[in-house]
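>>> Could you work out the structure for the sequence below:
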Amino acid sequence: MILKLSIIKIGGYIKIDMKEYSELFKENGNDIIGNLSFDNMISENGGRYKINKLFTYLKNNDFDVSGYYIREKTKVQNIHYHFVLKLENGRDKNELKNMIFKYWKYNGSVMVKDYNKEIGSFEKYMSKSMSFNDFDWNFI
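Predicted coordinates:
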């Protein structure tokens with residue numbers, strides 16, 4: 001997928017047209033969405049390390065996924081992640097959800113469910129924070 005986004009630099013901040021961004025992902029044929037949190041306080045680098053290890057684990061178990069994740073902070077500054085994924089290789093998405101749950105349950109709470117394009121708007125919910133949280137997000 002080639003992204004064409006309206007990016008504007010205002011002072012020291014970058015503004016992205018979030019509606020445009022979320023529409024790109026809405027049309028991506030996503031399969032699952034999820035939230036991942038930590039039972040204990042963890043640093044931003046520690047959280048990034050753990051989520052990247054999750055996607056390496058999935059890849060090593062023959063789950064070819066694409067999508068993106070974003071980090072948010074709670075009021076007490078604990079981090080958590082939201083993600084939208086598309087399963088690229090025809091594997092069963094319930095197997096994928098189970099693999100994510102089995103891997104992450106040792107870190108904290110896990111919510112993984114089917115993406116419902118009729119409801120949509122999860123991308124807008126996620127992208128609202130992209131200009132905050134030190135702009136910590138990544139493609140998978």
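
>>> Tell me, how many residues neighbour residue 34?
Counted with other Cβ atoms under 10 Å, residues neighbouring residue 34 total 21. C-betas here are computed from N, CA, C, even on glycine.

>>> Contacts only, for it.
With contact set as Cβ atoms under 8 Å, 6 or more residues apart in numbering, residue 34 has these partners: 82, 83, 85, 97, 100, 110, 111, 112, 113.

>>> and it, what element?
Secondary structure assignment for residue 34, by DSSP states H and E: strand 32-37.

>>> contacting residues for the nearest residue in space to residue 50 that is not next to it in sequence?
Using Cβ to Cβ, 6 or more residues apart in numbering and skipping residues adjacent in sequence, the residue nearest residue 50 is residue 107, 6.0 Å away. Taking Cβ under 8 Å, 6+ apart as the contact definition, residue 107 lies against 36, 38, 39, 50.

>>> and the nearest residue to the first one once chain neighbours are set aside, what are its bridge partners?
What it means is residue 36. In space, and not counting its chain neighbours, residue 36 is closest to residue 81: 4.5 Å by Cβ to Cβ, 6+ apart. When bridges are assigned using DSSP bridges, the partners listed for residue 81 are residue 36, residue 71.

>>> and what of residue 65?
Going by DSSP bridges, residue 65 is paired in beta bridges with residue 87.

>>> So which elements touch the longest helix along the chain?
Longest helix of the chain, by residue count under DSSP state H: helix 44-60. Contact partners of helix 44-60 among helices and strands, from 3 or more Cβ pairs under 8 Å, 6 or more residues apart in numbering; DSSP states H and E: strand 65-73, strand 79-87, helix 93-104.

>>> Phi and psi next, for residue 111.
With angles defined as degrees, to the nearest 10, residue 111 sits at phi -130, psi 120.

>>> what residues are up against it?
Under the criterion of Cβ under 8 Å, 6+ apart, the neighbours of residue 111 are 34, 35, 36.

>>> rewinding a little: would you list the contacts of residue 107 in TSV and tack on neighbour count, pLDDT and distance to residue 93?
Below are the contacts of residue 107 laid out as TSV (neighbours: other Cβ atoms under 10 Å; pLDDT from 0 to 100; distance: Cβ to Cβ, whole Å):
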residue	neighbour count	pLDDT	distance to residue 93
36	25	95	17
38	17	95	25
39	11	93	26
50	19	96	22
